[in-house]
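Chemist: pasting the structure only:
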């Protein structure tokens, strides 16, 4: 099935996937402006593409793969290495998460990118290790290992912060 047929389909498509793209960008610690740029680039590339998808799952997987590639391109750019994002200079809230998740979100955001991306794709998007491996270009065993290590780090940090308050 084509990505979209007309403007109304495009609006529904953008509404359906833009939140997912932005959340994935935030797992790479991209600021709001960079995340919006990635989102726009992904939709632009889809608009220019002749690619057709057979299912919703195939569409989501392709969009996630495109988003990951766009995020990595931004992170490795020379401009990015020589600058400090404005979002890091001011306090900001992440608007897509409930307030009670901010402790867990903060702990997840402190994880290395390789752990953040698998945590996001596994828990938020619901992909299994084999699907995540295909998306990020790793072996399923490596994905399972990253998930285990990320869980251990999160558990240690979250339990450690609870023990400090007692």
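Modeler: Received it, and whenever you're ready, just let me know what you need. Predicted, not measured: the structure shown is a model, and the values here were computed from it.
Chemist: give the rounded mean pLDDT of the longest helix seen in the chain.
Modeler: Ranked by residue count, the top helix of the chain under DSSP state H comes out as helix 140-165. Per-residue pLDDT over helix 140-165 has a mean of 84.
Chemist: what packs against it?
Modeler: Under the contact criterion of 3 or more C-beta pairs under 8 Å, 6 or more residues apart in numbering; DSSP states H and E, helix 140-165 touches helix 102-109, helix 113-119, helix 129-136. (C-beta placed from N, C-alpha, C; glycine too.)
Chemist: next, the angle from that helix to helix 102-109.
Modeler: If you take axes from the mean of the first three to the mean of the last three C-alpha atoms, to 10 degrees, helix 140-165 sits at 130 degrees to helix 102-109.
Chemist: buried residues in helix 140-165, which are they?
Modeler: Across helix 140-165, burial judged by 16 or more other C-beta atoms under 10 Å covers 142, 143, 144, 146, 147, 150, 153, 154, 157.
Chemist: with distance to residue 22 added, can I get those in CSV?
Modeler: Converted to CSV, the buried residues of helix 140-165 look like this (distance: C-beta to C-beta, whole Å):
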residue, distance to residue 22
142, 26
143, 23
144, 27
146, 22
147, 23
150, 21
153, 24
154, 22
157, 25
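Chemist: list just the nearest of these to residue 17.
Modeler: Nearest to residue 17, judged by C-beta to C-beta, of the buried residues of helix 140-165 is residue 143 at 22.6 Å.
Chemist: and the closest residue to the closest one other than its chain neighbours, what does it touch?
Modeler: Closest residue in space to residue 143, ignoring its immediate chain neighbours: residue 129 at 4.3 Å, by C-beta to C-beta, 6 or more residues apart in numbering. By C-beta atoms under 8 Å, 6 or more residues apart in numbering, residue 129 lies in contact with 122, 140, 143, 144, 147.
Chemist: quick one: the last one and residue 118 touch, right?
Modeler: Yes - counting by C-beta atoms under 8 Å, residue 147 touches residue 118, with 5.4 Å between them.
Chemist: what's the spacing between the nearest residue to residue 157 once chain neighbours are set aside and residue 150?
Modeler: Among residues not flanking residue 157 along the chain, residue 107 sits closest, at 4.9 Å (C-beta to C-beta, 6+ apart). Applying C-beta to C-beta, to the nearest Å, the value for residue 107 to residue 150 is 10 Å.
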